[in-house]
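# Build me a structure from this.
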Amino acid sequence: MFNYLTLTERFPGLPATPVIIEAFDYARERMPAYLFNHVVRSWIFAYQLGKLKGLSYDAEVVAISTLLHDLGLTAHADGPHRFEVNGAAVAVAFARERGFDARRCQLVWDAIALHATPSIGFLKEPEVALCGRAISVDFGAPDYEAFAQADIDAIVAAVPRLQMKREFAACACKIAHTRPETTYDNFIRDFGERFVPGYQRMSWVDMIAGGPFSE
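Reported below is the predicted structural model:
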């Protein structure tokens, strides 16, 4: 079983500040094991991708954003919005309580709320873009190719996937089944359409055609 100390020993250079350690423990206490491992891998990918690309960024913002980005998939960030937005609100409260100013809190919110919307998030500030890109590496997205396979293998060996594909799909399907109104404009819609009987997304074509205007 890994912990913060063993990770920093295996991956020298990982930032170790009190607020990052708090975020690490906060996530571990609130997420199932497979999801916690996913967010930890995302954080390590962010650190290594930042090095590979020579990026300058706020390491605490990126760490908090990656480590807390999936709180919206748990009961600890319940709310009426899509899961990314629900999670972003809790993460910002965490950051604000630990002294982050308005600008840093905004970066945390954007990084989490937009992490599954790459067409927007990847074009924003380095912290926001790096968070989304690193998270997507754990799903095999294009930045995966920036890593040597040995580096990927080392991260997965240190932080196992724990049936990530199966568990994540089950989580997404549950949201599509129980709260479909929060899924129409994010990737959970795809799980709903593929796997959830009776799921039917809202169509903007129908909304526009049925709007209150005569022409």
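
# T8 in helix, strand or coil?
helix (DSSP: H, G, I helix; E, B strand; the rest coil).

# Revised request: answer the last question for A16.
coil.

# before we move on, what about L55?
With three-state DSSP as the criterion, L55 reads coil.

# residues in contact with the residue nearest to it when sequence neighbours are not counted?
Leaving out its chain neighbours, the residue that sits closest to L55 by Cβ to Cβ, 6 or more residues apart in numbering is P126, at 5.4 Å. Placement of C-beta: from N, CA and C, glycine included. When contacts are counted by Cβ atoms under 8 Å, 6 or more residues apart in numbering, P126 is found next to 55-57.

# do you know how far P126 is from A146?
For P126, the distance to A146 equals 16 Å [Cβ to Cβ, to the nearest Å].

# Next, give phi and psi for the residue nearest to the spatial centre of the chain.
Centroid check for the chain by Cα atoms, centre = their mean gives H69 as the closest residue, at 3.7 Å. Phi and psi for H69, reported as degrees, to the nearest 10, are phi -70, psi -20.

# domains of the protein?
For the chain, the structural domains run 4-162, 163-215, going by automatic domain parsing.

# rewinding a little: any idea which helix or strand carries the nearest residue to the residue nearest to the centre of the chain once chain neighbours are set aside?
Of all residues not flanking H69 in the chain, I112 sits nearest, at 4.8 Å (Cβ to Cβ, 6+ apart). Here I112, judged by DSSP states H and E, is contained in helix 102-113.

# Might you calculate how far that helix sits from the centre of the chain?
13 Å (Cα atoms, centre = their mean, to the nearest Å).

# if we look at that helix, which residues are touching it?
Applying Cβ under 8 Å, 6+ apart, the set of residues contacting helix 102-113 is 58, 60-62, 64-66, 68-69, 72, 84-85, 87-89, 91-92, 95-96, 100, 121, 124-125, 127-128, 131-132.

# Could I get the CA-only coordinates of that helix as PDB?
Provided in PDB are the C-alpha atoms of helix 102-113 (Å, rounded to 0.1, in the frame of the first residue of the first chain):
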ATOM      1  CA  ALA A 102      -9.500  34.400  -5.200                       C
ATOM      2  CA  ARG A 103      -7.200  33.900  -8.300                       C
ATOM      3  CA  ARG A 104      -5.900  30.500  -7.100                       C
ATOM      4  CA  CYS A 105      -9.400  29.400  -6.100                       C
ATOM      5  CA  GLN A 106     -10.600  30.300  -9.600                       C
ATOM      6  CA  LEU A 107      -7.800  28.200 -11.200                       C
ATOM      7  CA  VAL A 108      -8.800  25.200  -9.000                       C
ATOM      8  CA  TRP A 109     -12.500  25.700 -10.000                       C
ATOM      9  CA  ASP A 110     -11.700  25.900 -13.700                       C
ATOM     10  CA  ALA A 111      -9.300  23.000 -13.700                       C
ATOM     11  CA  ILE A 112     -11.800  20.700 -12.100                       C
ATOM     12  CA  ALA A 113     -15.000  22.000 -13.800                       C
END
